[in-house]
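Trainee: This is a predicted model, with the sequence first.
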Amino acid sequence: MGRLFIESLSGTKIFKCKFCKVDSASHSDIISKNFQGRFGRAYLFRNVVNISLGCNEERLFSTGLHTVKDVNCSSCQQILGWRYEKAYEESERYKEGMYILERERMLKEGW
């Protein structure tokens with residue numbers, strides 16, 4: 001196995017993996033704070049770092065059927081959320097390629 005590359009984010013407000021404290025996302029990349037995850041509140045991000053993606057899965061959410069991939073921390077492999085791959089409802093297509101990170105799985109730094 002090769003060396004793990006960890007990207008550090010610049011800025012004052014950073015979200016980190018709760019389990020290993022590796023940077024995951026910047027506050028400036030939040031699109032919406034009005035989402036619900038498996039563990040409670042979740043945020044929609046346009047960009048995240050230090051993650052690996054799982055396999056495609058079909059999931060039925062309150063907003064309809066979506067194809068998603070689990071988002072895991074690349075350092076400790078804990079599930080942090082998911083990425084929207086495909087939305088079947090026209091009104092939900094803006095989510096495609098976006099990431100959900102669950103607040104319960106994140107720490108805030110610099111707040």
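Mentor: All right, it came through fine. What you see is a predicted model, and the numbers here were worked out from it, not measured in a lab.
Trainee: rest of the way, CA atoms for contacts and neighbours
Mentor: Will do.
Trainee: Do a quick rundown of the strands in the chain.
Mentor: Along the chain, counting by DSSP state E, strands occupy 14-17, 23-26, 30-37, 40-45, 51-61, 64-73, 79-87, 99-102, 106-109.
Trainee: Tabulate these (TSV), appending mean neighbour count.
Mentor: Supplementary listing: these in TSV, determined by neighbours: other CA atoms under 10 Å:
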stretch	mean neighbour count
strand 14-17	23
strand 23-26	24
strand 30-37	14
strand 40-45	19
strand 51-61	14
strand 64-73	20
strand 79-87	21
strand 99-102	26
strand 106-109	18
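Trainee: among the ones you listed, which is nearest residue 7?
Mentor: Across the strands of the chain, the minimum distance to residue 7, taken as CA to CA, is reached by strand 23-26, at 7.2 Å.
Trainee: Show me the shaky parts of the chain.
Mentor: Filtered on pLDDT under 70, the chain yields the residue ranges 1.
Trainee: 90 instead?
Mentor: Within the chain, the stretches falling below the threshold (pLDDT under 90) are 1-5, 10-12, 62, 110-111.
Trainee: Noted, bye for now.
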